[in-house]
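**Q** build the 3D model from these lines:
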Amino acid sequence: MDAPLLAPQHRRGRDLSIVAIVALIVVAVAAGLLAQRSRATAADASYHGPFAPVTLTAGDTVTMAQPGIAAPVLVIYEDFQCPICHDFELANGGAVEKLADQGQVKVVYQLFTIFVGSQPRQANSTRAWAAARCVPAGSWLRYHDLLYAHQPAETAGDGFAVTELLALGRRIGLTSSSFTQCVASQRYAAQIVPISNRLIKDGVNETPVVTLNGRRVSLTTLVSPSDALARAIRAAH
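**A** You can find the predicted model right below:
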C-alpha cells in the first residue's frame, strides 16, 4: 500500500534528474561555443600575414590596403605605450589585418603619443614610435605587432629600451646598418611631440580612437573579443 504513495516522489526525482542532465548539456554546448569563439579570436590576434601592401607617408601615417581599395576606410589613432591600444590590438588587430589583406578595408594607422608631458610614458612612446619610423614598409606591420606584444608596463622606466627595440627588429630580420643606426640614434624622436600636439588639439585626446568611414567606433567594440568590428567593416561597403 505504501509503494503507490512513494511513486510520485520517485517520478519527480527522476524528472529533476532529467532537467539537471539537460541543463548540463546546455552548459557544455555553450562552453564549447565560447571556446570555439575564443580560438577564432586567438587566431585573429596572432595573425601574421600575408599582409596587404603597406605605404609609409613622408609624414606620420601608415596605410595598409590592397591596390585599388579606397573604401571603407578604417583610421586607427593609437600609442605604442597605451594599455587600451594593446587591448584593442589583442582583440581585433589581427582581424583588421586579415580583412585588409582580403581587400575588404583600407586601414590608416596614425601613431603618436597621448602622454605628452607625462614621463616616463612619453619617453617610452617616443622610443617605440621613432623605432617604427625606421622600419621599411615590408616589415612595418610585423614590427608594429611585436611592439604591442612586448608593451612594457605603462609607468616602467626605460620602457621600450633601444636595446630591446633593436632585438625585436632582429626577430624579423631587421639587421641592416640603416635600421640599427636609425633606431640607436632615435633619428625621428624629435618629431613626435609636434605631431602629437597637433592631433590632440584637433580633438584626438585619448587612445585608441578608431573611425570607420569617418564615424567613431565605440571602445566596447574595439576591445571586445568578438567579430563585432569585423561585421561593422563588412557592412560599411
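**Q** pLDDT on the helix or strand harbouring residue 130, on average?
**A** Secondary structure assignment for residue 130, by DSSP states H and E: helix 121-133. Average pLDDT, helix 121-133: 98.
**Q** off-centre distance for it?
**A** Distance of helix 121-133 from its chain centroid, counting by Cα atoms, centre = their mean, to the nearest Å, is 18 Å.
**Q** again, but for stretch 95-109
**A** Distance, centroid of stretch 95-109 to centroid of chain: 12 Å (Cα atoms, centre = their mean).
**Q** would you mind writing the CA trace of it as PDB?
**A** Provided in PDB are the C-alpha atoms of stretch 95-109 (Å, rounded to 0.1, in the frame of the first residue of the first chain):
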ATOM      1  CA  ALA A  95      41.100  40.600 -37.700                       C
ATOM      2  CA  VAL A  96      41.700  44.100 -39.200                       C
ATOM      3  CA  GLU A  97      44.900  42.900 -40.800                       C
ATOM      4  CA  LYS A  98      43.200  39.900 -42.300                       C
ATOM      5  CA  LEU A  99      40.300  42.000 -43.700                       C
ATOM      6  CA  ALA A 100      42.800  44.400 -45.300                       C
ATOM      7  CA  ASP A 101      44.600  41.500 -46.900                       C
ATOM      8  CA  GLN A 102      41.300  40.200 -48.300                       C
ATOM      9  CA  GLY A 103      40.600  43.600 -49.800                       C
ATOM     10  CA  GLN A 104      37.700  44.500 -47.600                       C
ATOM     11  CA  VAL A 105      39.100  47.600 -46.000                       C
ATOM     12  CA  LYS A 106      41.700  50.300 -46.300                       C
ATOM     13  CA  VAL A 107      43.500  50.900 -43.000                       C
ATOM     14  CA  VAL A 108      45.300  54.100 -42.000                       C
ATOM     15  CA  TYR A 109      47.400  54.000 -38.800                       C
END
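**Q** for the record, mean pLDDT for it?
**A** 97.
**Q** can you give me the buried ones in that stretch?
**A** For stretch 95-109, burial by neighbour count (16 or more other Cβ atoms under 10 Å) applies to 95-101, 104-109. Using the backbone N, CA and C atoms, a C-beta is placed for each residue, glycine as well.
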